[in-house]
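Student: Using only what follows, build the 3D model:
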Amino acid sequence: MLTKRQLLVLKEIIRLFTETGQPVGSKTLMTELPIHVSSATIRNDMAALEEQGLINKTHSSSGRVPSTKGYRYYLDNLVEPAEATPRELAAIQQGFGGHFYKIDEIVAQSARILSNLTSYTAISLGPEVSTIKLNGFRLVPLGNRQVMAILVTSNGNVENQLFTLPPNVASEDIEKAIRIINDQLVGMPLNQVANRLATDVPALLFKYLSSADGFLDIFGNVLRQAAAERFYVGGRLNLMDFLGDADVPQLKQLYSLIDDENGDINKLLGPNDEGGVHVRLGSELTPDVLSNLSLITASYSVGDHGRGMIALIGPTQMPYSKMIGLLDTFRSELAKRLTSYYSHFDQ
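Tutor: From the prediction side, this is the model:
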């Protein structure tokens with residue numbers, strides 16, 4: 001059990017080390033602490049904190065630096081989130097002030113704004129696709145049996161892909177198939193549409209089409225594109241600012257992780273719960289490539305349109321008070337911007 005004075009010493013060591021990057025000694029603490037104590041008393045407190053593994057002594061000086069355990073204790077017991085400054089709030093609102101044609105554009109912009117504000121790497125995940133519904137589907141003939149498949153969803157997104165029709169698929173069959181899809185599936189959530197594609201829809205199409213396989217391939221492909229849970233990354237190069245030349249292999253692994261579209265990023269971010277802002281450190285993170293980094297995540301809600309998530313990857317030596325407060329404000333502003341966008345489709 002730490003004494004009140006030891007708590008003050010730990011909190012001040014973390015603050016000073018975060019601001020300066022330099023080990024903190026007893027003489028520095030004596031001038032910075034809000035209470036008057038001798039240098040000898042501070043050294044005793046530092047020894048107690050070191051014995052508990054909350055701070056470490058460096059090789060180069062008599063100063064101390066926080067350990068990962070010390071940061072964890074600070075985050076669980078001592079951190080006091082700082083409010084975003086008026087300048088930061090203005091930058092967020094200005095960044096979201098443009099005109100956006102798709103939800104994905106807003107989500108991508110949020111990652112850019114957040115990385116610019118923090119100088120860290122930001123990840124932004126849009127509202128979950130389980131709430132998105134199919135609004136319409138059509139095929140536009142382009143000649144030489146090429147068609148553009150266009151799928152419109154309830155969040156305003158338009159997905160399109162180019163396909164070449166199989167020789168055995170007639171144009172009149174395509175028109176019948178499109179009418180069936182729109183009659184049977186419009187208004188349903190995309191995950192339910194996908195389920196019906198694997199169950200009763202093929203049989204329904206085969207009643208009217210000489211061959212439905214080619215059409216099902218086209219519709220299934222563009223549906224998967226619409227239903228894919230996409231994330232956006234801002235400030236990739238910022239990783240280089242806090243990983244040195246000796247960390248090139250780790251840097252390569254990190255780039256591979258955040259560019260992976262097969263779902264590993266979801267394992268990294270963790271569950272999208274209804275809680276506040278969460279910080280995970282080093283060994284608390286999976287995969288091991290993040291062992292000496294920190295991840296701050298915050299979920300946001302867009303009402304009936306679902307929940308999304310924003311995150312920051314940075315060094316363990318983060319100004320957590322500032323970052324936690326900033327993410328709390330940022331997720332609120334992002335939710336407002338997305339709610340405003342959705343309001344045009346809810347009328």
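Student: Quick check: the closest residue to Pro81 other than its chain neighbours vs Ser332, distance?
Tutor: Using CB to CB, 6 or more residues apart in numbering and skipping residues adjacent in sequence, the residue nearest Pro81 is Gly325, 3.9 Å away. (C-beta placed from N, C-alpha, C; glycine too.) Here the criterion is CB to CB, to the nearest Å. By it, Gly325 lies 11 Å from Ser332.
Student: was I right about the residue nearest to Pro81 contacting Glu88?
Tutor: No - between Gly325 and Glu88 there is no contact under CB atoms under 8 Å: 9.3 Å.
Student: Pull the distance from the particular helix or strand that has Ile180 in it to the chain's centre.
Tutor: Using DSSP states H and E, Ile180 maps to helix 171-185. Here helix 171-185 shows a centroid-to-chain-centroid distance of 37 Å under the convention CA atoms, centre = their mean, to the nearest Å.
Student: In terms of secondary structure, what does that helix contact?
Tutor: Judged by 3 or more CB pairs under 8 Å, 6 or more residues apart in numbering; DSSP states H and E, helix 171-185 is in contact with strand 134-143, helix 190-197, helix 201-206, helix 213-227.
Student: how about the residue lying closest to Ser67 once chain neighbours are set aside, secondary structure?
Tutor: Spatially, and ignoring its direct neighbours in sequence, Ser67 is nearest to Asn56 (5.1 Å; CB to CB, 6+ apart). Recorded secondary structure, Asn56: strand (DSSP: H, G, I helix; E, B strand; the rest coil).
Student: show me the contacts for Asn56.
Tutor: Glu50, Arg64, Val65, Pro66, Ser67 (CB atoms under 8 Å, 6 or more residues apart in numbering).
Student: Just the ones of these in strands?
Tutor: Arg64, Val65, Pro66 (DSSP state E).
Student: Would you mind giving those as CSV with neighbour count and pLDDT added?
Tutor: What follows is those, written out as CSV (neighbours: other CB atoms under 10 Å; pLDDT from 0 to 100):
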residue, neighbour count, pLDDT
Arg64, 26, 91
Val65, 19, 93
Pro66, 25, 94
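Student: Looking at those residues, which one is closest to Glu105?
Tutor: Pro66 (39.5 Å; CB to CB).
Student: who touches stretch 156-174?
Tutor: 101-104, 132, 139, 141-142, 144-153, 208-211, 213-215, 218, 221-222, 225-226, 341, 344-345.
Student: Weed out the non-buried ones from these.
Tutor: Burial by neighbour count, judged by 16 or more other CB atoms under 10 Å, picks out 102-103, 132, 139, 147, 149, 151-153, 209, 214-215, 218, 222, 226, 341 from the contacts of stretch 156-174.
Student: give me the number of residues near the nearest residue to Pro23 once chain neighbours are set aside?
Tutor: Spatial nearest neighbour of Pro23, excluding adjacent residues (CB to CB, 6+ apart): Gly63 at 2.7 Å. Residues near Gly63, counting by other CB atoms under 10 Å, number 20.
Student: Show the model's pLDDT score for Gly220.
Tutor: What the model reports for Gly220 is a pLDDT of 82.
Student: Gln184 now?
Tutor: 89.
Student: Same question for the one 10 residues further on.
Tutor: Per-residue confidence (pLDDT) for Ala194: 85.
Student: for it, what are its contacts?
Tutor: So Ala194 contacts Gly220, Leu223, Arg224, Ala227 (CB under 8 Å, 6+ apart).
Student: Filter these down to the buried ones and hand me the ChimeraX line.
Tutor: The buried subset of the contacts of Ala194, as determined by 16+ other CB under 10 Å, is captured in ChimeraX by this line:
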select :223,227
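Student: For Glu32, state which of the contacts of Ala194 is nearest.
Tutor: Ala227 (53.7 Å).
Student: For Asn266, see how far away the closest residue in space to the closest one that isn't next to it in sequence is.
Tutor: Computed as CB to CB, 6+ apart, the closest residue to Ala227 that is not its neighbour in sequence is Leu190, at 4.3 Å. Leu190 sits 17 Å away from Asn266, going by CB to CB.
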